[in-house]
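Asks: Give me a 3D structure for the following:
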Amino acid sequence: MTCISLFSPFRSLSPPILSLSLHRKPPILPLFSSRQNGAVEDEDELEQDVVDGDDDDESDGHAYAIDLDALEQEARHAAREYSTSLSRELIIDDEVDDPKDSGRKQKRPKNTSANIPDHLLPRVAIVGRPNVGKSALFNRLVGGNRAIVVDEPGVTRDRLYGRSFWGDYEFMVVDTGGVLNVSKSQANVMEDLAITTTIGMDGIPLASREAAVARMPSMIEKQATAAVEESSVIIFLVDGQAGLTAADVEIADWLRKNYMNKFIILAVNKCESPRKGILQVSEFWSFGFSPLPISALSGTGTGELLDLVCSELKKVEGTENPNEEVDHVPAIAIVGRPNVGKSSILNALVGEDRTIVSPISGTTRDAIDSEFTGPDGQKFRLIDTAGIRRRAAIASSGSTTEALSVNRAFRAICRSDVVALVIEALSCITEQDCRIAERIEKEGKGCLIVVNKWDTIPNKNQQTATYYELDVREKLRSLDWAPVVYSTAIAGDSVDKIIDAASTVEKERSRRLSTATLNQVVQEALAFKSPPRTRGGKRGRIYYCTQAAIRPPTFVFFVNDAKLFSETYRRYMEKQLRKDAGFSGTPIRLLWRSRRKMEKNEGRAAYRTQASLAPRDRKLALTTTT
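Replies: Have a look, this model is predicted:
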């Protein structure tokens with residue numbers, strides 16, 4: 001019987017590998033295909049098996065073949081099954097701000113228009129004083145719970161963008177913070193904006209806290225002004241239940257004085273009853289605009305509101321081919337503890353004051369999305385998030401808003417491709433940083449560690465960064481594969497390196513190894529270190545390995561018994577994959593799939609899929625390596 005062995009150069013270093021018989025009938029699937037010149041086919045034509053060892057009870061002289069199509073299909077199924085089970089563990093339930101809110105979730109039809117970049121869509125800004133329901137209306141128009149809505153003033157501070165459509169029109173809705181034009185004392189401003197100078201600000205001098213509080217209203221107003229400047233339609237929202245206030249009068253005067261060239265709609269919110277709504281809007285006629293009664297919570301009057309909005313918008317035409325593929329735009333979430341410089345990094349990258357930067361802890365509330373184009377033309381979606389504190393600290397503060405903000409931050413991690421974990425240089429690594437790192441790894445997201453405020457490290461030399469990185473990797477062991485970037489965002493130093501590193505990480509996260517390359521890497525790892533034997537003398541054997549998925553890269557190992565491969569050996573296999581194949585900045589998942597022993601059939605044996613040999617409820621032997 002003539003036999004050919006795969007990877008014969010390694011036979012002297014590793015246990016005997018499975019042989020392919022070339023006599024009689026061909027195998028189920030040929031492991032080698034030849035072109036006219038006799039060269040081996042590439043990944044689509046070449047499927048090689050990696051095997052380790054041959055137990056005595058299976059060395060019976062028969063030839064063996066592998067049904068590669070079945071194994072590849074089973075590997076993809078295993079990867080999907082594992083990803084689904086992991087998602088169930090990490091799921092974050094949508095919070096409901098009001099128990100009555102659960103029955104009013106609006107299911108909006110999918111927009112059938114072609115994908116249009118955000119910057120090409122017309123903008124509609126929602127402005128008004130604090131706590132009139134701007135975020136509730138924003139959520140109603142864009143569909144979903146994008147903005148945090150609680151019965152508390154000053155929750156929204158930055159600009160929050162969302163896509164909306166009505167009929168054939170598509171546009172961007174901009175939620176803004178409450179505008180406070182009325183002169184007030186510092187104590188009243190803190191009350192109206194729910195600002196605290198105690199939580200998370202112990203290390204900041206009292207004078208700096210008070211100065212930051214004094215600047216907060218002007219910074220919120222600056223964000224609202226920027227939204228109005230770039231919008232063609234302005235929705236001026238007032239509270240019908242509270243009635244006309246001095247703040248409403250000043251905002252109306254401000255709009256009439258500066259923005260009469262734009263289309264202004266006066267919407268009177270909280271008019272749930274159509275009959276009472278007529279009475280509620282009567283006093284707002286004095287503003288010089290035609291008031292429209294609406295209810296952001298129930299949706300009453302929002303149809304008429306959208307008709308008015310679209311009457312002043314220009315229709316943006318999409319691409320001619322609706323089936324044209326749109327390039328994937330990687331999303332980069334900027335996360336970390338409070339006051340480490342996340343908003344400063346975002347502002348330095350986009351080149352404008354996109355978000356408010358303040359020493360006040362918890363300044364950023366919502367997850368703020370921004371478009372960004374790199375120097376090479378690559379587009380990114382940057383997501384600024386609220387600072388993530390420990391659950392115990394959030395519970396002790398009793399702040400519902402902070403809990404929702406942290407919830408939004410975790411969601412930003414979930415919907416991102418790459419996460420920039422920001423740490424403060426002088427603080428180094430804390431326990432909360434480790435928890436965030438573990439969450440990033442479990443989510444399967446690419447990651448880079450940004451050491452911000454690098455200028456605060458005294459007496460730096462050429463070895464400082466090296467020693468600092470060693471300390472970071474020692475304490476953040478779950479992210480030992482993540483690159484480290486040093487920056488000073490407030491001065492704009494080295495922030496471009498963050499985008500360069502994130503772009504590289506995204507490419508590595510989306511990379512797929514050819515089967516031939518992967519099997520060679522695995523075989524070299526087996527040659528260097530074979531799976532250990534158990535006390536009973538059994539040894540783990542690898543029959544076949546394939547990459548079943550990307551984002552993150554997922555590899556499925558078909559073995560004789562997954563229990564024979566210890567956690568130590570599985571970590572060793574991951575290290576060898578990283579050493580020989582790269583994958584810097586991304587977690588990789590190794591799933592171990594047990595196989596039944598070969599069954600003889602008419603003088604030869606064949607591996608069959610586990611689906612045909614065992615009940616479907618048989619548990620997978622899977623593991624995620626770190």
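
Asks: The protein - how does it break down into domains?
Replies: 123-180+218-311, 331-357+367-510, 515-594 (the TED database).

Asks: looking at those domains, which is closest to residue 71?
Replies: domain 515-594 (5.6 Å; Cβ to Cβ). Placement of C-beta: from N, CA and C, glycine included.

Asks: okay, the domains of the chain in CSV with mean pLDDT, mean neighbour count and distance to residue 80 next?
Replies: Listed next are those as CSV, based on pLDDT from 0 to 100; neighbours: other Cβ atoms under 10 Å; distance: least, Cβ to Cβ, whole Å:
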stretch, mean pLDDT, mean neighbour count, distance to residue 80
domain 123-180+218-311, 86, 20, 26
domain 331-357+367-510, 88, 19, 13
domain 515-594, 91, 19, 8
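
Asks: Turn those domains into TSV, including distance to residue 70.
Replies: Formatted as TSV, the domains of the chain follow (distance: least, Cβ to Cβ, whole Å):
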stretch	distance to residue 70
domain 123-180+218-311	41
domain 331-357+367-510	26
domain 515-594	10
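
Asks: now for the ones you listed, which one comes closest to residue 117?
Replies: domain 331-357+367-510 (7.7 Å).

Asks: before we move on, back to that, which one of the domains of the chain lies closest to residue 88?
Replies: Of all the domains of the chain, domain 331-357+367-510 sits nearest to residue 88, with 12.1 Å by Cβ to Cβ.

Asks: end to end, how far does the closest one reach?
Replies: 13 Å (Cα to Cα, to the nearest Å).

Asks: Report all helices and strands that whichever helix or strand residue 126 is part of contacts.
Replies: Take DSSP states H and E as the rule and residue 126 turns out to sit in strand 123-127. Judged by 3 or more Cβ pairs under 8 Å, 6 or more residues apart in numbering; DSSP states H and E, the packing partners of strand 123-127 are helix 134-142, strand 169-175, helix 206-230, strand 233-239.

Asks: Could you dump the ones you listed into JSON lines and include distance to residue 514?
Replies: Below are these laid out as JSON lines (distance: least, Cβ to Cβ, whole Å):
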{"stretch": "helix 134-142", "distance to residue 514": "43"}
{"stretch": "strand 169-175", "distance to residue 514": "41"}
{"stretch": "helix 206-230", "distance to residue 514": "47"}
{"stretch": "strand 233-239", "distance to residue 514": "53"}
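
Asks: partners of whichever strand or helix holds residue 161, with directions?
Replies: If you go by DSSP H and E, residue 161 is part of strand 160-166. Taking DSSP bridges as the criterion, strand 160-166 forms sheet pairs with strand 169-175 (antiparallel).

Asks: Which residue ranges of the stretch 451-600 of the chain form strands?
Replies: All strands of the stretch 451-600 of the chain, identified by DSSP state E, counting those that start in this stretch, fall at 484-486, 542-549, 554-559, 589-594, 599-601.

Asks: For the ones you listed, give me JSON lines that also has distance to residue 240.
Replies: Listed next are the strands of the stretch 451-600 of the chain as JSON lines, based on distance: least, Cβ to Cβ, whole Å:
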{"stretch": "strand 484-486", "distance to residue 240": "50"}
{"stretch": "strand 542-549", "distance to residue 240": "52"}
{"stretch": "strand 554-559", "distance to residue 240": "54"}
{"stretch": "strand 589-594", "distance to residue 240": "53"}
{"stretch": "strand 599-601", "distance to residue 240": "76"}
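
Asks: Now for residue 450: which residues touch it?
Replies: By Cβ atoms under 8 Å, 6 or more residues apart in numbering, residue 450 lies in contact with 334, 345, 420, 421, 422, 423, 485, 486, 487, 498.

Asks: The nearest residue to the second one once chain neighbours are set aside and residue 451: what is the separation?
Replies: What it means is residue 345. For residue 345, ignoring the flanking residues on the chain, the nearest one in space by Cβ to Cβ, 6 or more residues apart in numbering is residue 489 at 4.3 Å. For residue 489, the distance to residue 451 equals 11 Å [Cβ to Cβ, to the nearest Å].

Asks: what does residue 484 give?
Replies: If you go by Cβ to Cβ, the gap between residue 484 and residue 451 works out to 6 Å.

Asks: do the same with residue 521
Replies: In terms of Cβ to Cβ, residue 521 sits 32 Å off from residue 451.
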